[in-house]
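Student: everything below, folded, please.
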Amino acid sequence: MDGYTVAVLVTDSAPWRSFTLPTADTGPQARSYICANCDEHYHSFDPACTRCRVPQCPDCGRCACPPRTPGRSCPSCFIVHPPAMFAPGSDRCLDCS
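Tutor: Model (predicted):
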């Protein structure tokens with residue numbers, strides 16, 4: 001074409017050819033992930049987190065980033081709770097108080 005080469009790419013059957021069978025795996029493929037929090041194996045087309053570059057898990061809803069607020073351990077029940085579960089100045093969680 002006036003000295004230029006033109007490439008036309010198609011994902012499946014070219015419309016100008018007679019009948020051609022579609023090849024396997026011609027469409028987009030989702031990446032495979034294993035959740036760092038719940039060990040769920042999943043495939044995702046969702047946008048990835050900007051920090052860890054992993055999309056959210058469909059099971060637990062978390063990406064691979066560490067929790068933003070570290071938990072505290074209650075000396076009574078020995079469960080690690082988020083800071084909101086502790087009254088100001090108390091070392092026991094709200095459930096044990």
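Student: check residue 42 and give its pLDDT.
Tutor: Residue 42 is assigned a predicted lDDT (pLDDT) of 92.
Student: got the buried residues for whichever helix or strand it is part of?
Tutor: Applying DSSP states H and E as the criterion places residue 42 in strand 41-44. Residues of strand 41-44 classed as buried under the neighbour-count rule (16 or more other CB atoms under 10 Å) are residue 42. Every residue, glycine included, has its C-beta placed from N, CA and C.
Student: could you name the helices and strands sitting against that strand?
Tutor: For strand 41-44, the elements it packs on are strand 31-34, judged by 3 or more CB pairs under 8 Å, 6 or more residues apart in numbering; DSSP states H and E.
Student: the very next helix or strand once past the strand holding residue 42: partners in the sheet, and parallel or antiparallel?
Tutor: Toward the C-terminus, strand 41-44 is succeeded by strand 72-73 as the next helix or strand (DSSP H and E). Strand partners for strand 72-73, identified by DSSP bridges, are recorded as strand 80-81 (antiparallel).
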